[in-house]
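Engineer: could you look at this predicted model? Sequence included:
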Amino acid sequence: MRLLKGTLDILVLKTLSWSAKHGVEIITWLEERSGGQLAVDDGALYQALHRLEERGMVAADWGVTANNRRARYYRLTATGRTYLRAESSSLMNYAQTLLTILGSRPGHG
Amino acid sequence: MGDPIRAGVRRLFRLAVRRDADLREELDDELRFHLEERTAQFIARGLSPEAARREALQRLGAPYEVARAQLLRSARRKDRHLALGEWWSGASLDLRQTIRGLAQRPLFTSVAVVTLALGIGANTSIFSAVDALLLRSLPFNHPAALVDIAQMAPLDATQGGSQDAPWSYPKFMTFRAAQRSLADVALDQSEWLILGGQQPERISGERVSARFLTTLGVPVVLGHDFPADMDAHPGAAPVALISNSLWQRRFNARPDAIGALIRLDSVAYQVIGVLPSSFRGLSGTADVLVPVTALRDADLGPWDLTFAMIGRLKPGGTVADADRDAQRVAAIVYQASPMNAQALTTGPAMPWSAAVTSLNSVRVASAMRTSLLVLFAAVALVLLIACVNLANLLLGRAAVRRQEIAIRLAIGAGRGRLVRLLLCESLVLAGLGGIASMAVALVGTRLLQRLNPANALAAQGLNGKLGVVGFDTIRLDPRAFGFTLVVTLVVALLFGLMPALQATRPALTHALTEGGAAGRTSLRMGASRRMLVVAEVALALILLIGSGLMLQSLQHIIAVDPGFRSADLLTMRLTVVPGSHSRESMPGFYDELTQKLAAVPGVDHVALGDCPPLNGGCNGTIMTFVDRPASIGNNAMIGVHWVTPNWFAALQVPLRRGRMFNADDRAGAPRSVLINEAAAQKYWPHENPIGSKIRIYQGGFDQGATVVGVVGNVRFGLIDSTAAPDAFIPFAQSPRADMVIFLRGRGHPSALISSARRAIHDVAPDDPVYDVETMDQRVDQASGQARFSTLLLAAFAGVAMLLAVIGVYGVMAFGVAQRQREIGIRMALGAEQRGVVSMIVAEGVRLVLWGIGLGGVAALLLTRYLAGQLYDVRPADPATYLFVSIGLFLAAAAASWLPARRASRIAPTEALRRG
């Protein structure tokens, strides 16, 4: 399944909403949650991260993984959290509406 | 630190390069980690190591180099954005901190802001005057191609040289036909006209040739321009172009104004066009343009030299080419109408020439140009001194803050970051000062505008050839705002940069280890502060010497004896509407008028003259000697004045020889002439002029007249130019229409104005009376420009001196405060109070002497430019230099004595504890 344009950013923010993660963790999490249904290019992910960093929604710092390796960790900023909250509720409304319309049959409603 | 700025730039550049390298390294680290983790993941999912590696690369985007380049681009964009944001938030933090800091020191802040507001505002005001009078482009189409063409008259057969002279209509026609360098030429002459109607009105008009508007590139907004052949020969149809203002005023801007008739000097003119509202002729005041050729033939002779000529260069032509061509054409013009040789005694008549200059260069008189530039330089110097003072204040503050700064530097704040913080302070101060300065500039430009000394300028010969350029065009416009902005920024850098660099100089250890005591940093800071003091004393001295010279010159000008007594004299001009009285009826008309005026209570003398003294010049012509062998030269120039016999009594002009005019010098009697002492000395150097027969080529006196007396010199021209040879002829023997009425009365002359106006109205209800001024006012105007620039310069110099003295005081007080402990020790060891004081004062005096020395040398170099402004004072006048230097020295010495005395009064124990 290809991603709809503009939704990658919101998914990345969602991924980061519980804890800071490095790039591989983000991509793995997305793959797992979508049951392998989402095809996200790794390159596109890093571009999205740069974009979000530029807009002040995520911040990045170098940290150490469980295996004691140096990795760049991304975390959500306050701006990012506000944006995520607003955007995800409007996206959910949108999806709900799409579902209602696409799921309806002639004669009903 | 040979080249600090370039080094700084290089450092900045290196910083940027380093930053990018870091960015690349970071990205590569991240990608390496990513690929390794991903490969491991895929291996865990069952792929072979090679396949896993391939898959990881594939997911990142292939080929790898392209993907990396793409990511690098987005990373760079992000980084730039973040860096900018960081700078901004840093700057806004600095700004908040600065504002808080300034608010905590309201006294310092307000002194700084007010100083800057006054300094910048004064600069903007003078700039807007300089802009309006010297810089702004002329309000015509492509003004750079416009030129002034002057006829050059030989001055004097004996001395040589030449002077600007106007043109006549026939000479213009010859010139136009023969010239080859100009696309268009036109004649122009401004004059007052009486506009008829229920309420006759005196308006300004210009007589012009046909292609006047084409030459200037000005269109008509309604109707049409003069026909192209209008000036082909005298006797043109009386048609007129009217100004937009007159169109609104007289015709309510109705289109049917075209074709309407207006009466100008009792002649009906048909309106054929309306001028754009931005255009009022070369005079800037014209309400009508009328054809040159509508003048009577009698005014259009080859030697009726009353017109200015302007021209427009052909595309690509230069002023130099046009000048060469004009000289060639001038010979042809002179051949066409040479001086009437019989009118002159003898000798070869000297041919006249012509000169072309850019119209822009004659916009104001050169004395006015110099005076404005001198003022501009002076006001800039004042601002510079104010900057020096502020720099001093900030340096003092930086010294106080150096511990804080050292700590910041030590914990890793970049020097650039600190300089920014300190510069922020000067920028905020300058910004506030700049904003407040607009109010000062508004008042300043209003005052300059109000000054608009049209009469005064004429009285000083300071009118340029273009009335359109004048004080009334001074305004605060976008150019002035731009100037303010630039000055504000420059000022902020001037007074902020040096203290900022000085304070952040990396000598941390000293400041940190030595606590509050004077370490090496403060020594260096002390050196730069002392340098600033020397500089400001020097600058102030330059201004003081300049204004001292100007004040002396003004004093001499005011002390000039103009040759008459101005007190209790009232003057007014009467224009008799042409055609309303015949020329022959003039004596009778004026007799009646004089009697009426003499009957006004409070009036002692009523006299008539054609031109008031100190008028900036009056009418003049050529005189020849009947009974003298022709040898003196062919142009005996002489001023000619029409006066009634009691004119000399009214103005209290003394008789030196012979007799005054009396009632016998009437029409029909032998013509008599009075001459002034200057004429007697110049033309009768070794003989008695009384009884000499002369011819004066005006007013019918070319028939021959007798010199009956010699009177004292009266300055008719400029107050600071010596009296020229003048001749007086009796009004009764040569009646004229327009005269100036002189009333000498008891009490203040302006009290006579209304009753005199009423008396004139009884006799001549339709003739306008104008230029009503007391003679004292005229005398004031005659020195108006000198007074204006001198007083302004003196004010600037006064401010400069005050600032310099404050600067000396500030530095000494600060130095003393820093050396409190040393002073305490000295006194504890038994130094006398006197000794301590003189030690400190000596230090201040040394600085002041340096400043005076340097300033004196600079003044010697600079005051040469004042030479043209000075009357009877040498630019290197030793008395002025000495007097001003001593004055400044005493003031500055006093300023360093005060803190010294205070320091020496503090008890040693107290001083030691405080230190």
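Structural biologist: Here it is on my side, so go on.
Engineer: what's stretch B:67-74 in contact with?
Structural biologist: Under the criterion C-beta atoms under 8 Å, 6 or more residues apart in numbering or on different chains, residues A:Gly43, A:Tyr46, A:Gln47, A:His50, A:Arg51, B:Leu23, B:Arg24, B:Leu27, B:Asp28, B:Leu31, B:Leu60, B:Gly61 lie in contact with stretch B:67-74. C-beta coordinates here come from the backbone N, C-alpha and C atoms, glycine included.
Engineer: and after the helix or strand of chain B with the lowest mean pLDDT, which helix or strand comes next?
Structural biologist: Least confident helix or strand of chain B, by mean pLDDT, DSSP states H and E, is helix B:508-513 with a mean of 49. The helix or strand immediately downstream of helix B:508-513 is helix B:520-559, counting by DSSP states H and E.
Engineer: next SSE after that following helix?
Structural biologist: The helix or strand immediately downstream of helix B:520-559 is strand B:569-574, counting by DSSP H and E.
Engineer: neighbours of the closest residue to A:Asp9 other than its chain neighbours, how many?
Structural biologist: If the residues on either side of it in the chain are set aside, A:Asp9 comes closest to A:Ala48, at 5.6 Å by C-beta to C-beta, 6 or more residues apart in numbering or on different chains. Using other C-beta atoms under 10 Å in any protein chain shown, A:Ala48 has 21 neighbouring residues.
Engineer: show me where the stretch 201-350 of chain B has its helices.
Structural biologist: Secondary structure of the stretch 201-350 of chain B (DSSP state H, counting those that start in this stretch): helices at B:212-216, B:244-251, B:319-336.
Engineer: present those helices as a markdown table; the columns should include mean neighbour count.
Structural biologist: Listed next are these as a markdown table, based on neighbours: other C-beta atoms under 10 Å in any protein chain shown:
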| stretch | mean neighbour count |
| --- | --- |
| helix B:212-216 | 24 |
| helix B:244-251 | 18 |
| helix B:319-336 | 18 |
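Engineer: can you redo these as CSV with distance to chain A and mean pLDDT?
Structural biologist: Shown next, in CSV, are the helices of the stretch 201-350 of chain B (distance: least, C-beta to the nearest C-beta, whole Å; pLDDT from 0 to 100):
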stretch, distance to chain A, mean pLDDT
helix B:212-216, 59, 94
helix B:244-251, 58, 92
helix B:319-336, 59, 91
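Engineer: rewinding a little: most neighbours, which of the contacts of stretch B:67-74?
Structural biologist: Tallying neighbours with other C-beta under 10 Å puts A:Tyr46 at the head of the contacts of stretch B:67-74, with 26 neighbours.
Engineer: for it, which non-adjacent residue is closest in space?
Structural biologist: Nearest to A:Tyr46 is B:Leu71, by C-beta to C-beta, 6+ apart, at 5.3 Å.
Engineer: now the strand or helix carrying the one you found, how far from the chain's geometric center?
Structural biologist: Per DSSP H and E, B:Leu71 falls inside helix B:64-104. What separates the centre of helix B:64-104 from the centre of its chain is 47 Å, taken as C-alpha atoms, centre = their mean, to the nearest Å.
Engineer: ok, stretch B:774-781 next?
Structural biologist: Chain-centre distance of stretch B:774-781: 23 Å, with C-alpha atoms, centre = their mean.
Engineer: mind listing what's buried along it?
Structural biologist: Buried positions in stretch B:774-781, judged by neighbour count with 16 or more other C-beta atoms under 10 Å in any protein chain shown: B:Thr774, B:Met775, B:Asp776, B:Gln777, B:Arg778, B:Val779, B:Asp780, B:Gln781.
Engineer: what's the answer for stretch B:806-817, then?
Structural biologist: Buried residues in stretch B:806-817, defined by neighbour count with 16+ other C-beta under 10 Å: B:Ile806, B:Gly807, B:Val808, B:Tyr809, B:Gly810, B:Val811, B:Met812, B:Ala813, B:Phe814, B:Gly815, B:Val816, B:Ala817.
Engineer: show residues contacting that stretch.
Structural biologist: Stretch B:806-817 has contacts (C-beta under 8 Å, 6+ apart) with B:385, B:388-389, B:392-393, B:396, B:399, B:526, B:529-530, B:532-533, B:536-537, B:823, B:840, B:843-844, B:847-848, B:892, B:895-896, B:898-900, B:902-903.
Engineer: for that stretch, output the C-alpha coordinates as PDB.
Structural biologist: Extracted C-alpha coordinates of stretch B:806-817, given in PDB (Å, rounded to 0.1, in the frame of the first residue of the first chain):
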ATOM      1  CA  ILE B 806      31.100  67.000  29.400                       C
ATOM      2  CA  GLY B 807      33.300  64.400  27.700                       C
ATOM      3  CA  VAL B 808      36.400  65.600  29.500                       C
ATOM      4  CA  TYR B 809      34.500  65.700  32.800                       C
ATOM      5  CA  GLY B 810      33.200  62.100  32.200                       C
ATOM      6  CA  VAL B 811      36.600  60.700  31.500                       C
ATOM      7  CA  MET B 812      38.300  62.400  34.300                       C
ATOM      8  CA  ALA B 813      35.500  61.500  36.800                       C
ATOM      9  CA  PHE B 814      35.700  57.900  35.700                       C
ATOM     10  CA  GLY B 815      39.500  57.800  35.900                       C
ATOM     11  CA  VAL B 816      39.400  59.300  39.300                       C
ATOM     12  CA  ALA B 817      36.800  56.800  40.500                       C
END
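Engineer: pLDDT averaged over that stretch, what's the number?
Structural biologist: Across stretch B:806-817, pLDDT averages out at 81.
Engineer: ok now that stretch, how far from the chain's centre?
Structural biologist: Relative to its chain's centre, stretch B:806-817 lies at 37 Å (C-alpha atoms, centre = their mean).
Engineer: same thing with stretch B:613-623?
Structural biologist: Centroid separation for stretch B:613-623 versus its chain: 28 Å, with C-alpha atoms, centre = their mean.
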